[in-house]
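1. Okay, predicted coordinates and the sequence, questions at the end:
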Amino acid sequence: MKTIKRILIATDFSEGSNEAFDEGVRLARQLEATVLLAHVVEPIGGLVDFSHIEPLGYWELKLGQALDRMAHPAREGGLLVETHLLKGDPAVEIIKASEDLRCDLIVMGTHGRTGVPRLLMGSVTERVLRASPVPIVAVRQRPAAEKEKTFAKEETEAA
């Protein structure tokens, strides 16, 4: 089995991505691996020209700062965390980044949608799972009720 030394964690800054980030960081600590935290900016396709609304590069700067804020606690905990802001189709760019950055593992969140919502929304994670040459850990977002139980249990144990 190949040694895992570089873990790509893809984020869209959603709750599910945050859970995947936490799981990826936990794995990185156990394996003494480097974390490669990435976000993909999807092009709007000419529908809106943001250059008239915000200065050129404004959103890239803000998203880069958001990646750095997300990475900060893991860095403070001693992990090596690189951040990467990518542009294009999320599934394609995640797969390309995993190859370009020589990743050994990809960690991504999934919303766990089924039926019509999945058909309408598509699934970046599913597309990456189908096409990636790199192993993937898909972290399913926990339902709100389950999170509340965990939070209540942690509060009780802390008291």
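-> All right, it came through fine. Numbers count the residues shown, from 1 in each chain.
2. Mind checking the pLDDT average for stretch 83-99?
-> For stretch 83-99, mean pLDDT is 95.
3. Name the residues of it that come out as buried.
-> 83-86, 90-91, 93-95, 97-98 (16 or more other C-beta atoms under 10 Å). (Each C-beta comes from the backbone N, C-alpha and C, glycine too.)
4. Looking at those residues, which is nearest residue 130?
-> residue 91 (8.8 Å; C-beta to C-beta).
5. Before we go further, that closest one is sitting in a helix, right?
-> Yes. Counting by DSSP: H, G, I helix; E, B strand; the rest coil, residue 91 falls inside a helix.
6. residues in contact with it?
-> With contacts defined as C-beta atoms under 8 Å, 6 or more residues apart in numbering, the neighbours of residue 91 are 124, 127-128, 131.
7. Please repeat the previous calculation with a cut-off of 6 Å.
-> Contacts for residue 91 (C-beta atoms under 6 Å, 6 or more residues apart in numbering) come out as 124, 127-128.
8. Quick check: closest non-adjacent residue to it.
-> Leaving out its chain neighbours, the residue that sits closest to residue 91 by C-beta to C-beta, 6 or more residues apart in numbering is residue 127, at 3.7 Å.
9. the helices in this structure, which residues?
-> Per DSSP state H, the chain carries helices over the ranges 15-31, 58-76, 90-100, 115-121, 124-131, 144-158.
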